[in-house]
Structures are given as C-alpha cells and as structure tokens.
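J.: Give the three-dimensional model of this entry:
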Amino acid sequence: MIYLDLFLGFLKVGCFAFGGAYGAIPLIRDVVMSYGWLTDEMLTYMIAVSESTPGPIMVNLATYVGSSQAGFAGAVISTLAVVLPSFIIILLVTALLKTALKNKYVQAVLRGLKPCVIGIVLATGIYMVITNCFGKVTAPAVNLQALIITAILFGATAAWKAIFKKKLSPIMLIIISAFSGMLIF
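T.: Residues are numbered from 1 along each chain as shown. Next comes the predicted model:
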C-alpha cells in the first residue's frame, strides 16, 4: 500500500507543480504532511539538503522520501512518479513539433529567426568582451588580465583552425580559459 501512496502522492506533485522548484515546495510539503511521511522539521532539513545536492529539488525530495518510507523500491517509485508527467509532456510536445516542423510556414519563421539569434549571441559576446576588457562607458578601465585571456582564446581559435582546418570545440575553449584564468589570476 505504501508503494501506491508514494506513486500517487508524487504523481500529484509532478502533475501540478508549476513555477520551478521553489513553487513546488508547498505542494510537496502538503503531500508529505498529509500522508505523515515526515515531520515538518525533517522536511525542512530535507529541503535544505535537496537544494545543496545536484539535481532538481523535486526529484531529490521524492527520492529521499521514498527511500525513507519504503527503501530502494520506494525511492525508485517516488522518483519515477514525480518525473513521469514531465516525461509524457515532453514526448507529446516532441511529437507535435515533429509535424509542425514540416510545415513550410514554421520553417520560414525558423529560417528568419536564425540570423536574429546569431546576432543576439554575437552582440552579447562582443559586449561581454568589451566590458570585461575595457570597462563600462561610464567608468572605463583596462583589465590587463581579461585582455590576455581574450588574446589567448582568439589565438588558440585561430591556431586550431589553421592547423586542423576545423573549429575549436567550445568545451576546449572553456578548458583553455579556465587554465588561463588560474595562471593569470
């Protein structure tokens, strides 16, 4: 019976929790308290732990409550119940988008949006480089360390393209910038 209660309780949370993790906490609290699975103090501690561990708070809380009430099987059932509604919604949206993407009007809109998105990303990147290297217009100040890291990244990108005739992976750029930042700062 506990397995069914866990499944139905966390299925309700998964179905009706909107507004992100913090918006779901009152619903989780209501479900957990109505079944008497945890005390208010224990739930408060678990919310704090769930916030500090990797993963969504709802999933972490469901896993913990299920584990505390019915062991490993309870953890699995609670976790599956809380993610099942989202999973089904994503499947439905994917199925609908697959047919919508074949529509010539949708394709035209997407082709028109692509240059806009590229422009927004490029403008954001340029803005970030300029403000980090040279400061804001109201308070200009040259940041030598940021200029050096930017030069290293541009140099690595150009060298990689010249040597290997292909683009440098964004992951490699992140790694290069991390190591450059550790060395320079």
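J.: How far does the longest helix that the chain contains sit from its chain's centre?
T.: Determined from DSSP state H, the single longest helix within the chain is helix 57-100. Centre-to-centre, helix 57-100 and its host chain are 16 Å apart (Cα atoms, centre = their mean, to the nearest Å).
J.: Which strand or helix spans Ala123?
T.: Per DSSP states H and E: Ala123 is located in helix 104-134.
J.: For that helix, buried residues please.
T.: For helix 104-134, burial by neighbour count (16 or more other Cβ atoms under 10 Å) applies to Cys133. Yep, even glycine has a C-beta here, placed from its N, CA and C like the rest.
J.: Provide a list of residues in contact with the closest residue to Ser78 other than its chain neighbours.
T.: Counting by Cβ to Cβ, 6 or more residues apart in numbering, Ser78 lies nearest to Gly66, which is 2.9 Å off, once chain neighbours are set aside. Neighbouring residues of Gly66 by Cβ atoms under 8 Å, 6 or more residues apart in numbering: 6, 10, 74-79.
J.: Throw these into CSV and include neighbour count and pLDDT, thanks.
T.: CSV is the format used below for these (neighbours: other Cβ atoms under 10 Å; pLDDT from 0 to 100):
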residue, neighbour count, pLDDT
Leu6, 28, 95
Phe10, 30, 93
Gly74, 22, 95
Ala75, 19, 95
Val76, 16, 96
Ile77, 22, 97
Ser78, 31, 95
Thr79, 24, 95
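J.: Pull up the gap between the residue nearest to Ser78 and Met46, please.
T.: For Gly66, the distance to Met46 equals 12 Å [Cβ to Cβ, to the nearest Å].
J.: Then Thr131?
T.: To Met46, Thr131 is 41 Å away according to Cβ to Cβ.
J.: Any stretches of the protein with poor pLDDT?
T.: Across the chain, residues meeting the criterion (pLDDT under 70) sit at 19-21.
J.: Please give me every residue in contact with the closest residue to Pro140 other than its chain neighbours.
T.: Distance criterion Cβ to Cβ, 6+ apart; nearest residue to Pro140, sequence neighbours excluded, is Phe134 at 6.0 Å. Neighbouring residues of Phe134 by Cβ under 8 Å, 6+ apart: 140-143.
J.: Out of those, who's the most crowded?
T.: Counting neighbours by other Cβ atoms under 10 Å, Asn143 comes out on top of the contacts of Phe134 with 14 neighbours.
J.: If we ignore the residues flanking it in sequence, what's nearest that one?
T.: Excluding the flanking residues, the one nearest Asn143 by Cβ to Cβ, 6+ apart is Cys133, at 5.7 Å.
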